[in-house]
Each structure stands twice: as C-alpha cells, then as structure tokens.
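J.: Test case, fold it:
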Amino acid sequence: MSKSIVVIITIVLLVSFFVYLGISNYFAPQSPKPTTTSPTTTTSTPGTTTMLNGAGSTLQAPLVVYWSDLFERDTGIVVNYQGVGSGAGQSMFFSGVVDFAGSDVPLTHSQYVNYSGRVAQIPIAVAAVAVVYNLPELPRDVHLNFTGCLLAKIYKGEVTKWDDPAIRALNPAVADKLPDKNIVTVYRSDKSGTTNIFTAYLWKSCPSEWPQNYVGLSMPSFVTTSSNSIGGKGSDGLTSIVKNNPYSIGYVELQYALSSNLQYASVENVQKEFITPTNQTIYRAVENAVSYLPSSPFDDWSEAAFKLVLAPGNDSYPLTTFTFQFYWAKYSDTAHENAVRKWVNFILTKGQENMLEGYYPLPSVLASRLLSSFGGV
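T.: Numbering: from 1, shown residues only. All right, here's what the predicted structure looks like:
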C-alpha cells in the first residue's frame with residue numbers, strides 16, 4: 001500500500017473519531033448548571049430609589065396608599081402596600097417578606113412577650129367599623145338600631161327575618177317597612193382585624209350570646225358554614241357582596257361604607273344609647289379611652305383595641321378602633337432604617353394632618369409620645 005493511501009486512511013479515521021465524539025456529547029445527558037439565588041432585599045444602592053414594602057390590614061389600605069404618594073413627593077422614598085388582611089400581613093412581616101405590617105389588632109400578649117423590645121407597634125390612625133346592610137325598602141338617611149345581642153343572634157342564625165319582632169321593637173319608626181325577607185349574613189373570609197373588632201363588640205356587649213372564645217380574626221364555624229352566610233375576602237370583597245345582595249348585613253370599615261354609599265346602622269353603646277358613627281362620636285370614644293392606653297410602641301398593646309370597643313361616654317361610638325403598623329426596632333442597614341424612621345415620622349406628623357374621609361387623627365399627645373419613643377428623625 002502506498003504511503004499516500006495510508007495517510008488518506010489515517011485522516012479519514014481521525015475525522016470519523018472526532019465526529020463520533022461530537023455526536024456523543026450532543027446526545028449525552030447534560031448536568032444542570034448550578035443556579036444561585038439572592039434574597040429579596042429593599043436595601044438601596046447609590047443612585048437608586050429607596051423602597052419600603054408593607055402588607056396587611058385592608059382597613060388602612062386606602063389611607064396608606066394616599067399617604068405613600070404624599071410621602072414620596074416629600075422624600076423620594078417609595079412605599080408599596082398590599083391590602084391582604086391583618087392576619088396575612090402579620091405572617092408576611094414575621095417571615096421577612098415585607099418591611100412592615102398593617103394590622104387592626106395589636107400583638108397578642110404572647111406575641112408581645114416573644115418579640116418584646118424587637119418589634120414596635122404603632123397606632124397610625126383612628127377608624128370605625130360600621131354595621132352595613134342592604135334594605136331597598138328603607139331610605140338612605142335611616143340608620144337602623146342594633147344591639148350587640150341582636151347582632152349576635154343574627155350571626156348565630158337565631159334571628160333570620162328582617163321583620164323579626166326583635167328588629168321591629170328597636171326600630172318602631174320604620175317597623176312597617178321591614179320586609180319579610182331572609183337575612184343574609186356576610187363575613188370576612190380572610191383573617192381580619194375588622195372581624196376581631198366586631199366579634200369583640202359582640203362579646204363585650206352580650207357575653208351571654210357571644211362568649212369570649214368566639215372573638216378572633218375569623219368568624220366561628222357556625223357562621224362560615226351556614227347556608228345563609230356569604231364570605232368576602234378583604235374589605236372590598238365584603239363591601240361588594242353587601243352592595244350586590246339585597247337583604248344582606250355585614251360589617252366593614254366606615255370609610256368603605258361611605259365611599260360605596262352603603263346603608264349603615266346606629267349601634268348600642270355602653271350607656272345603652274344608639275350611636276351613629278360620625279367624626280364627633282368616634283373621636284369621643286378615643287378621648288374617653290386614651291387615659292387607659294399605653295404611650296410607647298414598645299409597650300404591651302394587647303388590650304388596647306378592647307379599650308376603644310364600648311368605650312365609656314354617652315356619645316361614644318362603640319365600634320371604634322385603632323389601626324396599627326408593626327416595625328422592627330432595628331433593620332439590617334442604615335439607609336433602610338432611616339427610611340423607616342422617616343416614614344414613621346411622616347405618619348405621626350404630616351400624616352395626622354392629612355386624613356381621608358372615614359379616618360381620624362390620633363390624639364396629639366399620644367402621637368407625640370409614640371414619635372419620641374420610637375426615635376423619630
């Protein structure tokens with residue numbers, strides 16, 4: 001065999017070998033490339049916008065969104081807020097998903113003990129829960145009277161008709177207009193500080209019908225499983241259900257009742273007076289209870305919400321409440337901590353001067369004490 005033929009055969013064999021290697025590698029299983037993830041953070045770097053993320057109470061959501069726009073204009077700091085309910089907001093905060101939580105209830109006593117000194121709980125505004133209903137037969141300017149015992153019996157399914165003698169007796173002026181229609185009870189399907197306030201009122205005003213173990217962020221199962229009940233997620237959800245379902249009754253923050261033009265009730269207070277939620281009656285409840293409240297965000301506020309519910313005074317609206325925000329006492333970086341303190345400073349100063357309808361400022365002495373204790377900037 002000539003040398004030239006040998007060279008040609010050698011070249012062909014080498015080319016075939018390398019082609020084979022390429023095809024084998026192409027079809028061979030590929031090991032996945034290692035991936036790396038970095039934790040989500042709101043820490044800003046030079047030249048970027050500082051951002052704070054919050055979540056929780058739907059009661060305070062419209063106010064916080066309004067404030068965040070004013071705050072960004074003043075400082076350039078962006079505050080994003082998700083109205084997901086007080087329970088979900090607390091979970092997101094304690095798991096590190098958000099920087100602060102909105103909650104219509106303070107920390108429980110056991111939570112307070114666990115996080116003592118590490119979490120500040122700051123009431124940011126005064127609000128009220130309204131008992132709302134949809135009765136086409138009644139004029140908008142009529143506010144039906146309800147006692148805590150009557151509301152408890154309605155939610156327990158013991159009073160089921162709008163023309164029930166118990167409702168007629170409390171509302172003689174419109175008794176002949178109350179229809180022979182089934183009452184549809186509407187409740188918050190998510191864990192809600194609003195539910196906590198409403199159930200606390202039922203308990204404090206009528207413990208024989210609504211014992212303390214029925215108080216909480218969620219309605220008891222006899223409400224949620226009733227064929228005459230409908231659950232709504234968030235304040236928007238509950239408002240929409242009442243608005244779209246004649247002969248329903250529910251409970252929602254006054255701001256939502258006003259903005260949606262819902263009918264709302266006068267509710268019996270501790271002095272046995274039927275009180276409609278107004279600027280005067282809501283603020284009177286706070287004035288009559290403020291001396292019983294803590295003054296520092298690092299104090300135990302676990303009983304604070306109950307101090308405003310059925311507050312003393314002839315003209316105190318009984319379903320008055322604070323809405324809170326939770327913050328860590330310390331954050332991981334200076335820029336982030338400064339942003340939080342600027343936000344809290346804004347809330348307790350300019351924020352108190354800029355309220356939406358249905359929200360009310362804190363007593364000035366309380367706002368000053370909270371700001372001083374938290375270390376405003």
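J.: quick one: low-confidence parts of the protein?
T.: Applying pLDDT under 70 to the chain flags residues 1-48, 375-377.
J.: In it, where's the longest strand?
T.: Longest strand of the chain, by residue count under DSSP state E: strand 119-133.
J.: which strands and helices sit next to the helix or strand following it?
T.: Per DSSP states H and E, the first helix or strand lying C-terminal to strand 119-133 is strand 145-146. Here strand 145-146 touches strand 266-268, going by 3 or more C-beta pairs under 8 Å, 6 or more residues apart in numbering; DSSP states H and E. For every residue, glycine as well, the C-beta is placed using N, CA and C.
J.: Does anything pack onto the next helix or strand after the strand it packs on? Which helices or strands?
T.: Going down the chain from strand 266-268, the next helix or strand is strand 274-275, by DSSP H and E. Secondary-structure packing of strand 274-275 (3+ C-beta pairs under 8 Å, 6+ apart): strand 266-268.
J.: which residues sit against the strand it packs on?
T.: The contact list for strand 266-268, computed with C-beta atoms under 8 Å, 6 or more residues apart in numbering, reads 131, 143-148, 151, 201, 205, 274-276, 317-319.
J.: Those: which two are farthest apart?
T.: Within those, H143 and S205 form the most distant pair, 17.6 Å apart (C-beta to C-beta).
J.: quick revisit: now the contacts of strand 266-268: which count as buried?
T.: The neighbour-count criterion (16 or more other C-beta atoms under 10 Å) marks 131, 143-148, 151, 201, 205, 274-275, 317-319 among the contacts of strand 266-268 as buried.
J.: what's near enough to touch L170?
T.: 144-147, 150, 274.
J.: could you redo those as TSV and give each row distance to W162?
T.: What follows is these, written out as TSV (distance: C-beta to C-beta, whole Å):
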residue	distance to W162
L144	9
N145	14
F146	12
T147	16
L150	12
F274	18
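J.: so how far is Y251 from the residue most central in space within the chain?
T.: Centroid check for the chain by C-alpha atoms, centre = their mean gives S57 as the closest residue, at 1.1 Å. From S57 across to Y251, the span is 15 Å (C-beta to C-beta, to the nearest Å).
J.: Same check on I183?
T.: I183 is 14 Å from Y251, where distance means C-beta to C-beta.
J.: More neighbours: those two, which one.
T.: For the pair I183 and Y251, the greater number of neighbours falls to Y251 (30 against 19), based on other C-beta atoms under 10 Å.
J.: Can you pull the phi/psi pair for the closest residue in space to M51 that isn't next to it in sequence?
T.: Nearest residue to M51, sequence neighbours excluded (C-beta to C-beta, 6 or more residues apart in numbering): V78, at 4.6 Å. Taking degrees, to the nearest 10, you get phi -90, psi 130 for the backbone angles of V78.
J.: residues contacting V78?
T.: So V78 contacts 49-52, 68, 72 (C-beta under 8 Å, 6+ apart).
J.: Also V309?
T.: So V309 contacts 197, 200-201, 204, 318-321 (C-beta under 8 Å, 6+ apart).
J.: list the buried ones in stretch 207-227?
T.: When burial is assessed from 16+ other C-beta under 10 Å, stretch 207-227 yields the following buried residues: 209-210, 214-220, 223, 226.
J.: Out of the contacts of V309, name the ones that lie in strands.
T.: Of the positions in the contacts of V309, 320-321 sit in strands, assigned by DSSP E.
J.: JSON lines for the contacts of V309, including distance to W328?
T.: Putting the contacts of V309 into JSON lines (distance: C-beta to C-beta, whole Å) gives the following:
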{"residue": "I197", "distance to W328": "25"}
{"residue": "A200", "distance to W328": "27"}
{"residue": "Y201", "distance to W328": "32"}
{"residue": "K204", "distance to W328": "32"}
{"residue": "P318", "distance to W328": "34"}
{"residue": "L319", "distance to W328": "31"}
{"residue": "T320", "distance to W328": "28"}
{"residue": "T321", "distance to W328": "24"}
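J.: what's the closest of the contacts of V309 to G231?
T.: Closest approach between the contacts of V309 and G231, by C-beta to C-beta: I197, at 17.3 Å.
J.: How about the contacts made by that closest one?
T.: Neighbouring residues of I197 by C-beta under 8 Å, 6+ apart: 104-105, 129, 305, 309, 319, 321.
J.: Swap in 10 Å and give it another go.
T.: I197 makes contacts with 59, 104-105, 127-129, 215, 251, 253, 305-306, 308-309, 319-323, as judged by C-beta atoms under 10 Å, 6 or more residues apart in numbering.
J.: just A265 next, same as before
T.: By C-beta under 10 Å, 6+ apart, the neighbours of A265 are 130-133, 142-146, 151, 170-171, 249, 251, 257, 274-277, 319.
J.: and what of W210?
T.: W210 neighbours (C-beta under 10 Å, 6+ apart): 148-149, 151-153, 155-156, 199-204, 220.
J.: So E137 sits against L178, correct?
T.: Yes. Assessed by C-beta atoms under 10 Å, E137 is found in contact with L178 at 7.3 Å.
J.: Quick check on those two: which one has the bigger neighbour count.
T.: More neighbours surround L178 than the other of E137 and L178, with 18 against 14 (other C-beta under 10 Å).
J.: how about the nearest residue to the more buried one, chain neighbours excluded?
T.: Closest residue in space to L178, ignoring its immediate chain neighbours: D163 at 4.3 Å, by C-beta to C-beta, 6+ apart.
J.: that's a strand at the one you found, yeah?
T.: No. Under DSSP: H, G, I helix; E, B strand; the rest coil, D163 falls outside any strand and is assigned coil.
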